[in-house]
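**Q** Just a sequence and a predicted model for now, questions to come.
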Amino acid sequence: MWHNDRSVVRTFSTHHAQNCWVMISGVAGWKKVRPNAPDGVTNVFIILSTALANGRNVDVFINGDQVERATLR
């Protein structure tokens, strides 16, 4: 389901492969950036971190408890 024009509240990652998490306003709890392909996880995490650092909103597609797609507004 798409969640449009939301702010990124927090981001989190570790040195482990494909271990990135995000909190989105209006969406309960931490959501994992979907661990399917390393480049995909990195690309989505960069969008989310850029939004957080610059006060920009995002549109995110969340499937269950995982963020699959994101666009920077």
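**A** Good, I have the coordinates. Predicted, not measured: the structure shown is a model, and the values here were computed from it.
**Q** Grab the longest strand from this protein for me.
**A** The longest strand of the chain (DSSP state E) is strand 2-13.
**Q** which neighbours does it have in its sheet, and in what orientation?
**A** Applying DSSP bridges, strand 2-13 is found paired with strand 20-24 (antiparallel), strand 57-63 (antiparallel).
**Q** Out of those strands, which is the most enclosed?
**A** Of all the strands paired with strand 2-13, strand 20-24 carries the top mean neighbour count, a mean of 21, counting by mean count of other CB atoms under 10 Å. No exception for glycine: its C-beta is placed from N, CA and C like everyone else's.
**Q** And the average pLDDT for stretch 3-19 is what?
**A** For stretch 3-19, mean pLDDT rounds to 95.
**Q** mind checking how far it is from the chain centre?
**A** Relative to its parent chain, stretch 3-19 has a centroid offset of 4 Å by CA atoms, centre = their mean, to the nearest Å.
**Q** Restrict that stretch to CA atoms and write it as CSV.
**A** Extracted as CSV, the C-alpha positions of stretch 3-19 are listed here (Å, rounded to 0.1, in the frame of the first residue of the first chain):
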residue,chain,number,x,y,z
HIS,A,3,1.6,6.0,1.9
ASN,A,4,2.0,9.4,0.2
ASP,A,5,3.5,12.7,1.3
ARG,A,6,4.9,11.3,4.6
SER,A,7,7.9,12.5,6.6
VAL,A,8,10.7,10.2,7.6
VAL,A,9,10.9,10.2,11.4
ARG,A,10,14.1,8.1,11.9
THR,A,11,16.4,5.8,10.0
PHE,A,12,18.7,3.0,11.2
SER,A,13,21.2,0.7,9.7
THR,A,14,24.1,-1.6,10.8
HIS,A,15,27.2,-3.0,9.1
HIS,A,16,25.3,-6.2,8.3
ALA,A,17,24.3,-6.7,4.7
GLN,A,18,20.9,-5.3,3.8
ASN,A,19,20.0,-4.3,7.4
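**Q** what comes into contact with that stretch?
**A** For stretch 3-19, contacts defined as CB atoms under 8 Å, 6 or more residues apart in numbering pick out 20-27, 30, 33, 35, 38, 41, 45, 48-49, 51-52, 55, 57-62, 73.
**Q** What residues of that stretch count as buried?
**A** Buried residues in stretch 3-19, counting neighbours by 16 or more other CB atoms under 10 Å, are found at 3, 6, 8, 11, 18.
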